[in-house]
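# Generate a structure from the sequence data that follows.
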Amino acid sequence: MTTIDLATSTAPRSPKSGPLPADYAERVYSGVLGKLIGVYLGRPIEGWTYERISQEIGEVDHYLTAANGAPLVVTDDDVTGTFTFLRALEDEGYSTHLTPEQIGNTWLNYTIERRTIFWWGGVGNSTEHTAYERLKNGILAPESGSRARNGKVISEQIGAQIFIDGWAMVAPGDPEFAADLARRAASVSHDGEAIYGAQVIAAMEAQAFVELDINALIDTGLSVIPRDSTIARLIYDIRDWHAQEPDWRATRDLIAANYGYDKYRGACHIVPNHGLIIHALLYGGGDFRHSQMIVNTCGWDTDCNAANLGCLLGIRRGLATFHGDYDWRGPVADRMYLSTADGSRGITDALTESYRIIKAASALRGQEFEQPKSGAKFHFTLPGSVQGFEIDRESAPAQIANQDGGALRIEPTSDGTVRVMTPTFIPEEALAMPGYQLFASPTLYPGQTLTALVRNDGDEPAQVRLVLRQYGADDRSELISGEPVVLAAYTEQRLTWRVPDNGGLPIHAVGLEYDGTAPVVLDSLTWSGVPTVTLTRPDDRSATLWRRAWVDAVDHFEGRDFEAFRISQNEGRGVMAQGTRDWTDYTVSAEITPYLARNVGIACRVQGLKRYLALLLSSDQVARLVKMDDTETILAEVPFAWELFTPYTFLLRAEGDQLIGRINDTALLAASDPGSRLTAGGAGFVIEEGTMGCEAITVSAD
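Residues are numbered from 1 along each chain as shown. This next block holds a predicted model:
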């Protein structure tokens, strides 16, 4: 196979044409699951030495969380970075010529400084933190991650590899394009051997859609990097050792002796860890459990290595990868968290994120894409998918399972009320989760309309209803039930329910409840519409989780007895928002008191920290409608005399490409913004170099 030096070429490659593989959707879903399982398996022993793992655990071939009491599903940089940076494709219109600079803009838009996605270990210590500081200070990618800017050691740490899987999965059977996308994405923060390692993984994963042979996959990986690189030499050595030595432990010792942390310095260098992936791939022989046991038992950066390997193996054999004598999928239940400045995707699942990848791959090839079941949020359309649904803790005993790759079957195992639910906000078990903090907004709000298609598969009637859980007094989970509907035997019915006003408390779960002994099948569940909700501090001060519903990218969100929202930003501009991309045309309003501010106001269609529409009072005594889309554009402005410590009523309306802003019903601003990508998003506050106070903010359709 011809070696192509994609790591040094800056000319973007184009994807292959032609249809996607027939089993592409299943392979993507399996790759995403493999990534998640690897993270959840390796996370509890991340950073442990081989010696410690061998002494305290033995062989790591099962989930360890039950032993240490931590939740299985956690917020993790490997997961969040992988699926967040890939959003550059969607945000930039699925351009095949996506640039490192555009991917760098994605970093700035979705990363809350010192809080989300990365290990914030300091400039010159954490590679991602170093690159972020470069980007923030105006150094564009790829210079932001270059060896010339950051030095050889920092630029060759592991992050380029751990975030790379999504770029491979949008390029099935196209390893050269996958490796080129990997180069563009990796160069935001890394250089040299780190880019080569990322390209090898991306090329192998892309080829795994059409190739089973492990050695052929490794050959593909080698074909996209220089033959004289350290990563290439490492792979050649491991293949030679594997050919001569049947004991994986002996070869692990050779890797440590020749390519260990003592030779490749920094917090977490790519070379030793890349070696363990190749090592486990060869000695595991394609078996998922055995391969995961090897890569995790070997130590070092276990969750990263297990995640890349898990994704590769998942793509290679599809969902059959996880068949066997151990239940990998059941405890995960598809659940995943993406902690970013876009809270609307904080709570998500493997099937949802898989279809985002499928949509991107279709767009890159210029092909039509149709969301399953008319875009329903929960559609269960691949085998085994449950999309986070579990039996509620107060439910009668029951079993749930995917039925024929297209619906969720619920079967009671005793008398009583059966209830199944999936998270729409931070679940109870994740509220005090250790490690990376989870930033998320609720995805469901009062005023929106729930719709579910359900079927009674038994010969007895069932009384069914839609249900919610919200965090109320003392932050306890409270159940809210819709009106019951009698579902006759062997019939199907569409349920609808407009979510009632709940005082702005965060809704953290949604689902289905029924009385009866018949099995009930949930075909789909979704919701639509703009909420009608006033977000404020609850009257019962024992309820505190309303604060967690806000994606807080400000320096200080006061928790003492001032206004509900006493918000400060010491330097630059801060944004605090909640809501989802379901919100399109709506009005947001609030009474705000500026105590000190260069700019203060409200925002709508918020899509992160660098993308929103806002109505602002500025210190030069001007009221402005602005569009922030990586850079700021003034859409309209009028003189407006205002004073500190004086309340002002802000109203901002977005409808189609038309914007209207009012302050105290006297300053009227209007603007048109045709062709903007800011067509939907959440609502919130903007504060620049100062402090503001506000008791409530209202979102409504009119």
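# What is the burial count for Glu655?
When neighbours are defined as other Cβ atoms under 10 Å, Glu655 has 12 of them. (C-beta placed from N, C-alpha, C; glycine too.)
# Skip the chain neighbours and tell me the closest residue to it.
Asp585 (4.4 Å; Cβ to Cβ, 6 or more residues apart in numbering).
# separation between that neighbour and Val420?
Taking Cβ to Cβ, to the nearest Å as the measure, Asp585 falls 33 Å from Val420.
# higher neighbour count, those two?
Counted by other Cβ under 10 Å, Asp585 and Val420 do not tie: Val420 has more neighbours, with 22 against 16.
# Please look at that one and Leu512 and confirm they touch.
Yes. Using Cβ atoms under 8 Å, Val420 makes contact with Leu512 at a distance of 5.7 Å.
# contacting residues around Asp629?
Residues counted as contacts of Asp629 (Cβ atoms under 8 Å, 6 or more residues apart in numbering) are Lys610, Arg611, Ser676, Arg677, Leu678.
# for Trp241, same thing?
Thr251, Leu254.
# which regions of the chain sit below the pLDDT cut-off?
In the predicted model of the chain, residues 1-10, 66-68 satisfy pLDDT under 70.
# how does it divide up, domain by domain?
24-335, 375-530, 550-700 (automatic domain parsing).
# mind checking the end-to-end distance for the longest one?
Domain 24-335 has its terminal residues 21 Å apart, counting by Cα to Cα, to the nearest Å.
# again with stretch 133-152
End to end - Cα to Cα - stretch 133-152 spans 17 Å.
# buried ones in it?
Residues 133-135, 139, 141-147, 149-150 are the ones in stretch 133-152 that count as buried (16 or more other Cβ atoms under 10 Å).
# that older thread, need the contact list for the residue nearest to Glu655.
With Cβ under 8 Å, 6+ apart, Asp585 has these contacts: Val530, Ala654, Glu655, Gly656, Ala701.
# Tell me the most packed of these, by neighbour count.
Ranked by neighbours (other Cβ under 10 Å), these are led by Ala654, which has 25 neighbours.
# in the sheet, who's paired with the residue lying closest to that residue once chain neighbours are set aside?
Distances taken as Cβ to Cβ, 6+ apart place Cys604 nearest to Ala654, at 5.1 Å, with adjacent residues excluded. When bridges are called by DSSP bridges, Cys604 pairs up with Leu613.
# mind checking how far Cys604 is from Ala320?
In terms of Cβ to Cβ, Cys604 sits 46 Å off from Ala320.
# Have a look at those two and say which one is more surrounded.
When Cys604 and Ala320 are compared for neighbours, Cys604 comes out ahead with 27 against 12, by other Cβ under 10 Å.
# you'd agree that one is up against Val626?
No. Assessed by Cβ under 8 Å, Cys604 is found out of contact with Val626, at 11.6 Å.
# re the thing from before, highest average neighbour count across the domains of the chain?
Mean neighbour count (mean count of other Cβ atoms under 10 Å) peaks for domain 24-335 among the domains of the chain, with a mean of 22.
# got the CA coordinates for whichever strand or helix holds Ile53 in PDB?
Ile53 is part of helix 50-56 when elements are defined by DSSP states H and E. In PDB, the C-alpha atoms belonging to helix 50-56 read as follows (Å, rounded to 0.1, in the frame of the first residue of the first chain):
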ATOM      1  CA  TYR A  50       0.300  -1.800  35.400                       C
ATOM      2  CA  GLU A  51       1.800  -3.000  38.700                       C
ATOM      3  CA  ARG A  52      -0.900  -1.500  40.800                       C
ATOM      4  CA  ILE A  53      -3.700  -2.800  38.600                       C
ATOM      5  CA  SER A  54      -2.200  -6.300  38.600                       C
ATOM      6  CA  GLN A  55      -1.800  -6.300  42.400                       C
ATOM      7  CA  GLU A  56      -5.100  -4.700  43.500                       C
END
